[in-house]
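S.K.: Sequence plus the predicted model coming up.
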Amino acid sequence: MLSQILDINKPVFAEEPFFNSQFIQKNKIRLITGSRSSKKVKDIIRTKGLDYYYEFNTQGYLTKQMSTFHNQIEKKDTNVIIYYYNNKNLIETIRKTDSYGYFSNHFLYNDSNKVISQTYCRDENPCVPGSIPGGTTTQKPCNARLLCYNKSLAKFASSLRSPFS
């Protein structure tokens, strides 16, 4: 189904990619931005001042999504999710921000492309190279310390590596 931008088999506006990659690739879409508005009955549409940003690779897969939200103190904050794919275009790593920094989930697949392992890691002191709209540009890569946990949340690995290698 190449005529629909959203994949109807996935939850829309979730943390997992929900765009139709064939549509995105065919139409050479690299970036989608938007903002949230709302309307009460018998009132005009009002902006909430909350923005969305979606970035795609040349194969049509979502590589980054950013969205603003109001935190508990009613200050504007930004949520960032970055997707890394393997050579079969299966998600290899999902990096997300939270109030403490970045964390990531790493996936391993079997020959049938089914997830056989998922590892949760806390990423300390990460740098995201590239330009962020309204932000700054990082020119050099940096290292991050990955703290990995098993199902019982016991730390089983810690390594210093570039998060983009």
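M.R.: Alright, I've got the coordinates. Quick caveat, the model's predicted, so the values are computed rather than measured.
S.K.: mind listing what's buried in stretch 66-82?
M.R.: 66-68, 81-82 (16 or more other CB atoms under 10 Å). For the C-beta atoms, the positions are set from N, CA and C on the backbone; glycine is no exception.
S.K.: Any idea what residue 35 is bridged to?
M.R.: residue 51 (DSSP bridges).
S.K.: got a list of what it touches?
M.R.: Residue 35 makes contact with 47-52, according to CB atoms under 8 Å, 6 or more residues apart in numbering.
S.K.: If you rank those by neighbours, which is first?
M.R.: residue 51 (18 neighbours; other CB atoms under 10 Å).
S.K.: Can you give me the distance of it to residue 9?
M.R.: 27 Å (CB to CB, to the nearest Å).
S.K.: Check the offset of stretch 54-67 from the chain's centre.
M.R.: 8 Å (CA atoms, centre = their mean, to the nearest Å).
S.K.: again with stretch 104-116
M.R.: Worked out by CA atoms, centre = their mean, stretch 104-116 lies 18 Å from the chain centre.
S.K.: List the buried residues of it.
M.R.: For stretch 104-116, by 16+ other CB under 10 Å, it's 104, 106-107.
S.K.: residues making contact with that stretch?
M.R.: 86, 88, 90-96, 117-121, 123, 146, 163.
S.K.: which residues does the residue nearest the centre of the chain form a beta bridge with?
M.R.: Taking CA atoms, centre = their mean, the centroid of the chain lies closest to residue 81, which sits 2.2 Å from it. Beta-bridge partners for residue 81, by DSSP bridges, are residue 65, residue 96.
S.K.: re the thing from before, format the buried residues of stretch 66-82 as a markdown table; extra columns: pLDDT.
M.R.: Shown next, in a markdown table, are the buried residues of stretch 66-82 (pLDDT from 0 to 100):
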| residue | pLDDT |
| --- | --- |
| 66 | 88 |
| 67 | 84 |
| 68 | 79 |
| 81 | 91 |
| 82 | 92 |
